[in-house]
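Trainee: coords please:
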Amino acid sequence: MYTMSNFKNLSLKIVSATRMTVTPELTTTFQKQPHVKMIYIHNGEATLTFKDSSRTVGKNQIILINPNIDHYWDLENNTSIDITEVGIHGLEFSSVSEADGEFTYYVHDEKEADTSQFITFLTKEMTAKKSGYEEVAKRYIEVILIHLLRDEEFSIRNSLNKKNHKEIQTVKNFMKVNYHKNITLDDLVELIHINKFYLIRIFKQEVGMSPIDYLIHVRIDEAQKMLRNTNIAIADIAHLVGFQSPSHFSKTFRELSNMTPSQYRRQGNMPPTPPQNF
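Mentor: Predicted coordinates:
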């Protein structure tokens, strides 16, 4: 989860920003979107209805609705509500107490005028679409979200994390099974069908090292097991765990284990030193 201290790690993109007037004629069916929807209410009052709950909202309130949440506006006859809707790709949110539970919506009572001004600036940028408008719009939404986070009533997280975690786990599992083979980054990219540089970035974010560094750690961990539990020659172990030469194996083993393979074997039943997040 994200607070102001690590907020900068989010990869946000503003999908849309539109000011509109909602009337009873426009509120008859559920709708949902694949991204977070931020709603600022300029004027009016209405009931925002979800599948399992509803909430009356009004002027100067900000509503955040998570991706893929069904909702619609319920207005009294001859009434309307003046709002700005902003679509934000790249995040999800929850109340602080929900942890990783079900995410739905969050309502904030805005007591200051600052947010409405930033909402107006943001909408103008997305409408005019002048050079650099996407980056300017992103900065405005970051200011608004940081402002909301000050209340510490909700937290946000990267909505790509779930997908990224599955892809990274697939890569890790592949390396654990095939560590003895000549694995390249191209092999890993082909496995999960994403850009090579993107794979390196998300892998480092979750695991703390590059995919190739992780592979080396897996190989050394397997070598430690063989050194502890078998009498296989060190040169043969080097090839069995995927190293092209015994000298390269010995050098890498010493860098990660702080001793040579021979010294490690002489230690007998020394416990393994697996890689981080192994």
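
Trainee: quick one, strands of the chain?
Mentor: Ranges of strands in the chain, per DSSP state E, are 13-22, 36-43, 45-50, 54-58, 61-65, 71-74, 81-89, 91-95, 105-109, 154-158.

Trainee: looking at these, which is closest to Gln169?
Mentor: Among those, strand 154-158 comes nearest to Gln169, with 16.3 Å by C-beta to C-beta. C-beta here means a position set from N, CA and C on the backbone, and glycine is covered the same way.

Trainee: ok, how many other residues are close to Ser262?
Mentor: Under the neighbour criterion other C-beta atoms under 10 Å, Ser262 is assigned a count of 11.

Trainee: surely it is in contact with Ala235?
Mentor: No. In this structure, Ser262 is not within contact of Ala235 by C-beta atoms under 8 Å, at 11.4 Å.

Trainee: could you dump the strands of the chain to a markdown table with mean neighbour count and distance to Tyr198?
Mentor: Below are the strands of the chain laid out as a markdown table (neighbours: other C-beta atoms under 10 Å; distance: least, C-beta to C-beta, whole Å):
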| stretch | mean neighbour count | distance to Tyr198 |
| --- | --- | --- |
| strand 13-22 | 16 | 15 |
| strand 36-43 | 21 | 22 |
| strand 45-50 | 18 | 34 |
| strand 54-58 | 15 | 38 |
| strand 61-65 | 21 | 27 |
| strand 71-74 | 18 | 32 |
| strand 81-89 | 20 | 16 |
| strand 91-95 | 20 | 18 |
| strand 105-109 | 17 | 30 |
| strand 154-158 | 19 | 14 |
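
Trainee: a markdown table for those strands, including mean pLDDT?
Mentor: Shown next, in a markdown table, are the strands of the chain (pLDDT from 0 to 100):
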| stretch | mean pLDDT |
| --- | --- |
| strand 13-22 | 91 |
| strand 36-43 | 94 |
| strand 45-50 | 92 |
| strand 54-58 | 93 |
| strand 61-65 | 93 |
| strand 71-74 | 90 |
| strand 81-89 | 93 |
| strand 91-95 | 76 |
| strand 105-109 | 87 |
| strand 154-158 | 73 |
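
Trainee: quick one: the helices in this protein, in order.
Mentor: Taking DSSP state H, the helices of the chain run over residues 114-128, 133-149, 161-178, 185-192, 196-207, 211-229, 234-240, 246-257, 261-266.

Trainee: can you give me the angle the fifth one makes with helix 211-229?
Mentor: Angle, helix 196-207 to helix 211-229, by axes from the mean of the first three to the mean of the last three C-alpha atoms, to 10 degrees: 50 degrees.

Trainee: ok so, going back, of the helices of the chain, flag the one that's most buried.
Mentor: helix 211-229 (a mean of 20; mean count of other C-beta atoms under 10 Å).

Trainee: mind saving the C-alpha coords of that helix as CSV?
Mentor: Extracted in CSV, the C-alpha atoms of helix 211-229 (Å, rounded to 0.1, in the frame of the first residue of the first chain):
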residue,chain,number,x,y,z
PRO,A,211,16.1,-11.7,-13.3
ILE,A,212,19.6,-12.8,-14.3
ASP,A,213,20.9,-12.0,-10.8
TYR,A,214,18.1,-14.1,-9.3
LEU,A,215,18.9,-16.9,-11.7
ILE,A,216,22.5,-16.8,-10.4
HIS,A,217,21.3,-17.0,-6.8
VAL,A,218,19.1,-20.0,-7.6
ARG,A,219,22.1,-21.7,-9.2
ILE,A,220,24.3,-21.1,-6.2
ASP,A,221,21.6,-22.3,-3.8
GLU,A,222,21.4,-25.5,-5.8
ALA,A,223,25.2,-25.8,-5.8
GLN,A,224,25.2,-25.4,-2.0
LYS,A,225,22.7,-28.3,-1.6
MET,A,226,24.9,-30.5,-3.8
LEU,A,227,28.1,-29.6,-1.9
ARG,A,228,26.4,-30.4,1.4
ASN,A,229,24.7,-33.6,0.4
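
Trainee: which neighbouring elements make contact with it?
Mentor: helix 161-178, helix 185-192, helix 196-207, helix 234-240, helix 246-257, helix 261-266 (3 or more C-beta pairs under 8 Å, 6 or more residues apart in numbering; DSSP states H and E).

Trainee: next, format the strands of the chain as TSV and append distance to Phe174.
Mentor: TSV is the format used below for these (distance: least, C-beta to C-beta, whole Å):
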stretch	distance to Phe174
strand 13-22	30
strand 36-43	33
strand 45-50	40
strand 54-58	46
strand 61-65	37
strand 71-74	40
strand 81-89	29
strand 91-95	28
strand 105-109	38
strand 154-158	24
